[in-house]
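[1] Let's see this in three dimensions:
(chains A and B)
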Amino acid sequence: DAGVTQSPTHLIKTRGQHVTLRCSPISGHKSVSWYQQVLGQGPQFIFQYYEKEERGRGNFPDRFSARQFPNYSSELNVNALLLGDSALYLCASSSGQGNQPQHFGDGTRLSIL
Amino acid sequence: AQRVTQPEKLLSVFKGAPVELKCNYSYSGSPELFWYVQYSRQRLQLLLRHISRESIKGFTADLNKGETSFHLKKPFAQEEDSAMYYCALRGGIQGAQKLVFGQGTRLTINP
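    Now for the predicted structure:
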């Protein structure tokens, strides 16, 4: 069971740059969600995608965007990086049907200098 | 607005003692409540959900709609229970996956 995989595991960027984070869901899962976890806090919802369509969006600026591909993998893009974007970015997948729970990846640790 | 509150950031108990991690929520509809756990150097994983009404690793949690609470309990703590615990709420339309998390409680079981 491969589980949810995310890449890269760690990333260091400077202010103003952009970043792309990647996520592969569990095989058979069609829904992918992204969360931001700042140190000392719980994860905060950014986006949900299901069957390549955006199903939900959290309270994040337009600098954050995402997409889902035909194989259900997903990318999270962040433009014009700010120091406050430093966080652990988590991806979670689920079947997207009914009340199935989400399964999380290990996350990508993004540090902004 | 959807909100989850875990009033204790840190909780320390001795092995064999009872454990209760508190979770209160704010939601106008019928929410789904979850407890997620993160052990050291491991990913966030689902511990239990209220609709399953099951006991996992000796933990139980009952949804109390009157008190808007979903406290996590275990009668006899074990050292391997030391971890970070997050309470989470899912509301909204069927199929919506947005989880609202509390800030988490770090549980330490002392030998």
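[2] how close does the residue nearest to residue A:6 when sequence neighbours are not counted sit to residue B:81?
    In space, and not counting its chain neighbours, residue A:6 is closest to residue A:105: 4.1 Å by Cβ to Cβ, 6 or more residues apart in numbering or on different chains. C-beta coordinates here come from the backbone N, C-alpha and C atoms, glycine included. Between residue A:105 and residue B:81 the distance is 24 Å, computed by Cβ to Cβ, to the nearest Å.
[3] what does chain B put close to chain A?
    Contact residues, chain B versus chain A (Cβ under 8 Å from any Cβ of the partner chain): B:4, B:32, B:34, B:36, B:43-46, B:49, B:51, B:86, B:88, B:92, B:94-104.
[4] 7 Å instead?
    B:32, B:34, B:43-44, B:46, B:49, B:51, B:86, B:95-104 (Cβ under 7 Å from any Cβ of the partner chain).
[5] Do you know the pLDDT at residue 6?
    No chain in the question, so chain A it is. What the model reports for residue A:6 is a pLDDT of 98.
[6] wait, chain B
    The per-residue pLDDT reported for residue B:6 equals 97.
[7] Need the contact partners of stretch B:29-36.
    If you take Cβ atoms under 7 Å, 6 or more residues apart in numbering or on different chains as the criterion, stretch B:29-36 is touched by A:99, A:101, B:25, B:44-51, B:61, B:63, B:70, B:72, B:85-91.
[8] Touching stretch A:106-113 from outside, list them.
    Outside stretch A:106-113, the residues that touch it by Cβ under 7 Å, 6+ apart are A:6, A:8-15, A:19, A:21, A:81-83, A:85-90, B:43.
[9] Flag every buried residue along it.
    Of all the residues in stretch A:106-113, those buried under the rule 16 or more other Cβ atoms under 10 Å in any protein chain shown are A:106-108, A:110, A:112.
[10] that older thread, which among the residues of chain B next to chain A count as buried?
    Buried residues within the residues of chain B next to chain A, counting neighbours by 16+ other Cβ under 10 Å: B:32, B:34, B:43-44, B:46, B:49, B:86, B:95-102, B:104.
[11] wait, which of those residues is closest to chain A?
    Comparing these against chain A with Cβ to the nearest Cβ picks out residue B:101 as the nearest, at 3.2 Å.
[12] who's that closest one bridged to?
    residue B:88 (DSSP bridges).
[13] Now do the contacts for it.
    A:42-43, B:4, B:86, B:88.
[14] mind running it again at 10 Å?
    Neighbour list for residue B:101: A:35, A:37, A:41-45, B:4, B:6, B:34, B:36, B:44, B:86-89 [criterion: Cβ atoms under 10 Å, 6 or more residues apart in numbering or on different chains].
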